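take a look and give me a structure for this.
(2 chains)
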Amino acid sequence: MLEISALNSFYGKAHILNDLGFSVSKGEVVALLGRNGAGKTTTMKSIMQLVRPKSGKVQFNGQDITALPSHRIARLGLGYVPEERRIFSDLTILENLEVGRQPPRADAPAWTVDALFELFPNLFERRHNRGKAMSGGEQQMLTIARTLMGNPKLLLLDEPSEGIAPVIVEQMAETILRFKKEGLTVIISEQNLHFARIVADRAIIIESGEKKFDGSFSELEKQPEIRDAYLSV
Amino acid sequence: MGLFVAQLLTGLANAAALFLVASGLSLIFGVTRIVNFAHGSLYMLGAYFGVTLMNTLPGVFGFWTSILLSGLIVGVIGIAIEVCVLRPVYRAPELFQLVATFGVILVIQDLTLMVWGAEDRLGPRAPGLKSVVRILGEPVPQYDLALIAITPFILLALWWLIARTRVGVLVRAATQDREMVGALGVNQSWLFTGVFFLGSALAGLGGALQLPKGGADLLMDLNIISAVFVVVVIGGMGSIPGAFVASVLISVLNVFGVSYIPQSTLVLMYVVMAVVLLIRPYGLFGREEKAGEHGQVGEPDRPIRPAGTKGRLFVAALIAALALVPLVGENFTQVLITDIVIFCLFAASLQFMLSTGGLVSFGHAAYFGGGAYAAALLVTYADTPMELAFLFAPLAAGLLALIFGWFCIRLSGVYFAMLTLAFSQLVWSLVFQWYDVTGGDDGLVNIWPAEWLSGTTAYYYFTLIVGVGGIILLRQLAHAPFGYTLRATRDSARQAEATGINVKLVQWSAFAMAGAMAGLAGGLFVFSKGSIFPNELEIGKSFDALIVVFLGGVKTLSGGVVGAAFMESAKDWLTRLEYWRLILGLLIIGVVIIAPDGIVGTLRRVGERIGLLRTQEFMR
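Sure thing, here's the model as predicted:
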């Protein structure tokens, strides 16, 4: 479904992604693992073309999306949930959801405001409140819900477990497992190996923008040296 | 009582056009973060199109159709401006976009002159609303009442559009985070274009709607723009209700001002603005602007370096050549070079705070003119000897900058710029309207230098020494520890604060220093001309300085001087052409889009490419 090949991205002159390549098939949940600064967020931004790669290719369902503007990529069915959440704090929760709304797609789960409120009941209670008066967990839920309003085929979740209470992390894991059941393809970036193991089918480990490992979690367990070298456990 | 009510109604009616233009500007700023200086020009175009259409389309229906059509046409022109001029520079720093809109002002001015000619057009009166109604015995024009009735509907419609529709939700979201809106599948460039269309159309409507009360002339663009800025800043940038309340406030204040304290109408407006900004720095309905929220984009500034041996030799040779000019050149050449050097010093003083300090001032003319007026007033009223009066020019301007700066540095970004503009307009209006002391429009004359400096050549050398000395002083200061701290506050105010730098104090000092040096230039100016007029304090003068700094290269140290020298010499032959504004405007827009590094930056890049200059590595 998503094919990334030989991607090189820079911030100014800093080389962030180094010939990165991997692919994700339909219905898979893949965890992008790595330390702070390994290039996880840049990978996601490069997929969305929020960071323009210098070279390399991103293909989505066989279509080259490398030169497309972000909004066209989103309209193809890629949903991006940024790490910093980027809630529109002057807008109410309902209005935040409205910004993300796109028409339903034939080959992706269709979401409505009501269905999302069922999934995240906290949001329903505060639907007329502005985005600024929310806890980290609520903000995280709102960002995910906002992206789901676009009925994506593939969801990019950047560090969903970061900065939220442990109890919400558990809920988050359940939510992601539910997405999988609905047939959504998901890429999550994570530093939390435990969380990733619960929700994901496969792990991709990157370090300095290079792929160091690509395989199942059981394979990863057999190679503790990789885990020790590239993850801070 | 009757008169009071009648005046109140006049004020409310005057608020209509002001509100339309201001709400358009506010809307555009809210979403694009661009302060569209050309908004007054769109208003002017609305008036001209309105006159032409009204003279073609007959009757009541024709009149109102003309107004709507004018709005539509100007909206389409707004789209053209957005797509051709602003789209290429959205990612550039704020200043670039501002300068691009200066260019648009000049282009529209000359195009209007070409199409409609220099003659003022009288606005036709509204059919069916030509007479007056008596309210409490006082005559009130029917058209005024119509305007008062229409305005709330426009406010309501705008409010509905923004608060209740999907487009409004997207616009508000884009105001906060354009990129994220794009990542959610919204084509934000069309959203921007749409907002620009609407904002421009509102300005056009305003221009056409005021026709029966005024008319169309070539000065109305700059005449309204300062009032519009005052309104938008008082109301809060980006707030439509704020624009409404402030338009009413300013218009009503103006009407009462005219009848009770006629000498101070202009001053009053800027005093109100300054007071509001002091109490509520982001306007009555404005939202606080967090530093860096929309700030630093693009590449980091290059570190500046002291000139190399080659550079020093070149400058020394240039100064030597200038010193030899009186031996060969005529009087005219000396006067021209005197003007150039003065303007270079003025531009260098702005560049000091703008480039080195990141403090974008829109009102630098206040200190140039302030210094000049201080010296002129001393000579006129106290018979002060020239030498002493001349010394007072930088001192007075520095003091003025110290006072204004204390208020201004509490704000940042666009708000800082607006407050500097307000203060400079305050000084201008004070000088312009305080006829008894300043001579108003007639200026102050007979301000000649002392005996020993009275010849053209003597004054030429005097200007050369003082001017070049001032420029070198500013340059040394940029390379001194003070310059380093100043640049630190520019690049990251927070980081600088955490390092133990008193950011506000450093900025305040830089502001005062820049003011004093502008005053020095003003002092040189007044004694070289023998007179001073309020136009040296006008917005236009401040813009001139901004434009030359920009043409020369914002991110360089010598850009101001090079830009000023280039511009002042170019002006000499450029102004001989009939449509020189058009050429200059297109030049400015071209530089913004094609060569944003300015003359110095572009030359340096070319120099590096062909190997004349060593490539400077970025420090990471």
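
and for residue B:507, nearest residue in space, chain neighbours not counted?
The shortest distance from residue B:507 to any non-neighbouring residue, by C-beta to C-beta, 6 or more residues apart in numbering or on different chains, is to residue B:409 (4.6 Å). To be clear about C-beta, it is placed using only N, CA and C from the backbone, and glycine gets the same treatment.

can you get me a residue count around residue B:580?
16 (other C-beta atoms under 10 Å in any protein chain shown).

wait, what's in contact with it?
B:110, B:574 (C-beta atoms under 8 Å, 6 or more residues apart in numbering or on different chains).

could you check the pLDDT of it?
We have a pLDDT of 86 for residue B:580.

repeat for residue B:293
40.

likewise for the one 5 residues further on?
Note on residue B:298: pLDDT of 47.

where's residue B:363, which helix or strand?
Assessed by DSSP states H and E, residue B:363 sits outside every helix and strand.

hang on, residue A:22 is in a strand, isn't it?
Yes. Judged by DSSP: H, G, I helix; E, B strand; the rest coil, residue A:22 forms part of a strand.

sec struct for whatever residue of chain B ends up closest to chain A, please.
Nearest residue of chain B to chain A: residue B:185, at 3.5 Å (C-beta to the nearest C-beta). Classification of residue B:185 using three-state DSSP returns coil.

skip the chain neighbours and tell me the closest residue to it.
In space, residue B:185 is closest to residue A:74, 3.5 Å off (C-beta to C-beta, 6+ apart).

pull the residues that contact the helix or strand containing that neighbour.
For residue A:74, the host element (DSSP H and E) is helix A:70-75. Under the criterion C-beta under 8 Å, 6+ apart, residues A:47-50, A:60, A:65, A:80, A:102, A:150, A:152, B:179, B:182-188 lie in contact with helix A:70-75.

neighbours around the residue nearest to residue B:507, how many?
23.

look up how far residue B:101 lies from it.
25 Å (C-beta to C-beta, to the nearest Å).

likewise residue B:508?
Distance from residue B:508 to residue B:101, by C-beta to C-beta: 29 Å.

not counting sequence-adjacent ones, nearest residue to the residue lying farthest from the centre of chain B?
Most distant from the centre of chain B: residue B:137, at 43.3 Å, with distances by C-alpha atoms, centre = their mean. Once flanking residues are discounted, residue B:137 sits nearest to residue B:2: 4.6 Å by C-beta to C-beta, 6+ apart.

settle this for me: the one you found is touching residue B:140, isn't it.
No. Using C-beta atoms under 8 Å, residue B:2 makes no contact with residue B:140, being 9.9 Å away.

between the two, who's got more neighbours?
Set residue B:2 next to residue B:140 and count neighbours by other C-beta under 10 Å: residue B:140 wins out with 21 against 13.

wasn't the more buried one part of a helix?
No. Secondary structure assignment (three-state DSSP) places residue B:140 in strand, not in a helix.

ok, it - contacts?
The neighbours of residue B:140, taking C-beta under 8 Å, 6+ apart as the test, are B:6, B:9-10, B:132-134.

what about 10 Å?
B:2, B:5-10, B:13, B:132-134, B:148 (C-beta atoms under 10 Å, 6 or more residues apart in numbering or on different chains).

what do you get for residue B:75?
So residue B:75 contacts B:24, B:42, B:46, B:194, B:196-205 (C-beta under 10 Å, 6+ apart).

what two of those residues are the furthest from one another?
B:46 and B:194 (18.7 Å; C-beta to C-beta).

next up, phi/psi of residue B:582, please.
Main-chain torsions, residue B:582, degrees, to the nearest 10: phi -60, psi -50.

now name the helix or strand holding the closest residue to it other than its chain neighbours.
For residue B:582, ignoring the flanking residues on the chain, the nearest one in space by C-beta to C-beta, 6+ apart is residue B:110 at 3.7 Å. Take DSSP H and E as the rule and residue B:110 turns out to sit in helix B:94-116.

buried ones in that helix?
Residues of helix B:94-116 classed as buried: B:94-112, B:116 (neighbour count, 16 or more other C-beta atoms under 10 Å in any protein chain shown).

show me what it is packed up against.
For helix B:94-116, the elements it packs on are helix B:39-56, helix B:59-81, helix B:220-235, helix B:413-433, helix B:539-552, helix B:580-594, judged by 3 or more C-beta pairs under 10 Å, 6 or more residues apart in numbering or on different chains; DSSP states H and E.

quick check: mean pLDDT of the helix or strand following it?
The helix or strand immediately downstream of helix B:94-116 is strand B:121-122, counting by DSSP H and E. Averaging pLDDT along strand B:121-122 yields 90.

and what of stretch B:568-575?
pLDDT averaged over stretch B:568-575 gives 81.

now it, how far from the centre of its chain.
Relative to the centre of its chain, stretch B:568-575 is centred 21 Å away, using C-alpha atoms, centre = their mean, to the nearest Å.

for chain A, what helix or strand is lowest in average pLDDT?
helix A:224-230 (a mean of 82; mean pLDDT, DSSP states H and E).

now name the helix or strand holding residue 18.
Picking chain A for this. strand A:14-24.

my question was about chain B, not that one.
helix B:2-32.

quick check: buried residues in that helix?
B:6-32.

again with stretch A:134-142
Buried, per 16+ other C-beta under 10 Å, within stretch A:134-142: A:134, A:137-142.

residues of the stretch 101-250 of chain B that sit close to chain A?
B:163, B:165-166, B:168-170, B:172-177, B:179-191 (C-beta under 10 Å from any C-beta of the partner chain).

partner strands of the next helix or strand after the helix holding residue A:74, parallel or antiparallel?
Toward the C-terminal end, the helix or strand that comes next after helix A:70-75 (DSSP H and E) is strand A:78-81. Strand pairing for strand A:78-81, determined by DSSP bridges: strand A:154-158 (parallel).

measure how the strand it pairs with sits relative to strand A:14-24, angle-wise.
140 degrees (axes from the mean of the first three to the mean of the last three C-alpha atoms, to 10 degrees).

just the C-alphas of strand A:154-158, formatted as CSV.
Taking Å, rounded to 0.1, in the frame of the first residue of the first chain, the C-alpha atoms of strand A:154-158 are listed here in CSV:
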residue,chain,number,x,y,z
LEU,A,154,-3.6,4.8,6.0
LEU,A,155,-3.1,6.5,9.3
LEU,A,156,0.3,8.0,10.4
LEU,A,157,0.4,8.2,14.2
ASP,A,158,3.4,10.1,15.5
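
what's the neighbour count on whatever residue of chain A ends up closest to chain B?
Residue of chain A nearest chain B, by C-beta to the nearest C-beta: residue A:74 (3.5 Å). Residue A:74 is flanked by 26 other residues according to other C-beta under 10 Å.

so what pLDDT did it get?
93.

ok, now which ones touch residue 226?
As the question left the chain open, I've gone with chain A. Residue A:226 makes contacts with A:203, A:205, A:207, A:212-213, A:215, A:219-220, as judged by C-beta under 10 Å, 6+ apart.

could you do chain B instead?
So residue B:226 contacts B:40, B:266, B:269-270, B:273, B:421-422, B:424-425, B:428-429, B:538-539 (C-beta under 10 Å, 6+ apart).

CSV for those, including distance to chain A?
Formatted as CSV, the contacts of residue B:226 follow (distance: C-beta to the nearest C-beta, whole Å):
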residue, distance to chain A
B:40, 29
B:266, 35
B:269, 30
B:270, 30
B:273, 25
B:421, 27
B:422, 26
B:424, 32
B:425, 31
B:428, 36
B:429, 36
B:538, 37
B:539, 32
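
noted, bye for now.
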